[in-house]
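**Student:** sharing a model prediction with you, sequence too.
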Amino acid sequence: MNAPPLPPRRLSPAVQFRGEIERAEADGVARDDMTLRLTFGDASQLKRDVSVPLADISFTKGVMRFLGVKVTQGGVAVSVLERS
């Protein structure tokens, strides 16, 4: 009996959103004009990801930033990069 196929493996939030941020910037969007809205789970995973260099995540004045992009946690069902 064959086992059902496994669902495709999802990229880590760090890998997924690094690419999205770079594409948005290539499209002319400044990082200050982007907001990364993460689920609580994705935010937690991003903070604990040992492959992410310390310089890529900052916490200043109560604001988390990933690659210079403001991060908000919660309030979304699916994590998304918003361009304003």
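**Tutor:** Arrived safely, thanks for sending.

**Student:** how close does the closest residue to residue 38 other than its chain neighbours sit to residue 41?
**Tutor:** Counting by C-beta to C-beta, 6 or more residues apart in numbering, residue 38 lies nearest to residue 79, which is 4.5 Å off, once chain neighbours are set aside. Just so you know, the C-beta spots here come from the backbone N, C-alpha and C atoms, and that holds for glycine as well. Taking C-beta to C-beta, to the nearest Å as the measure, residue 79 falls 9 Å from residue 41.

**Student:** surely the residue nearest to residue 38 is in contact with residue 37?
**Tutor:** Yes: counting by C-beta atoms under 8 Å, residue 37 is a contact partner of residue 79 at 6.5 Å.

**Student:** neighbour count winner among residue 79 and residue 41?
**Tutor:** When neighbours are counted by other C-beta atoms under 10 Å, residue 79 and residue 41 differ, and residue 79 comes out ahead with 21 against 12.

**Student:** return the residues in contact with that one.
**Tutor:** Going by C-beta atoms under 8 Å, 6 or more residues apart in numbering, residue 79 touches 13, 16, 17, 36, 37, 38, 39, 42.

**Student:** among those residues, which ones are in strands?
**Tutor:** Members of the contacts of residue 79 lying in strands (criterion: DSSP state E): 36, 37, 38.

**Student:** quick one, helices of the chain?
**Tutor:** Along the chain, counting by DSSP state H, helices occupy 13-26, 40-48.
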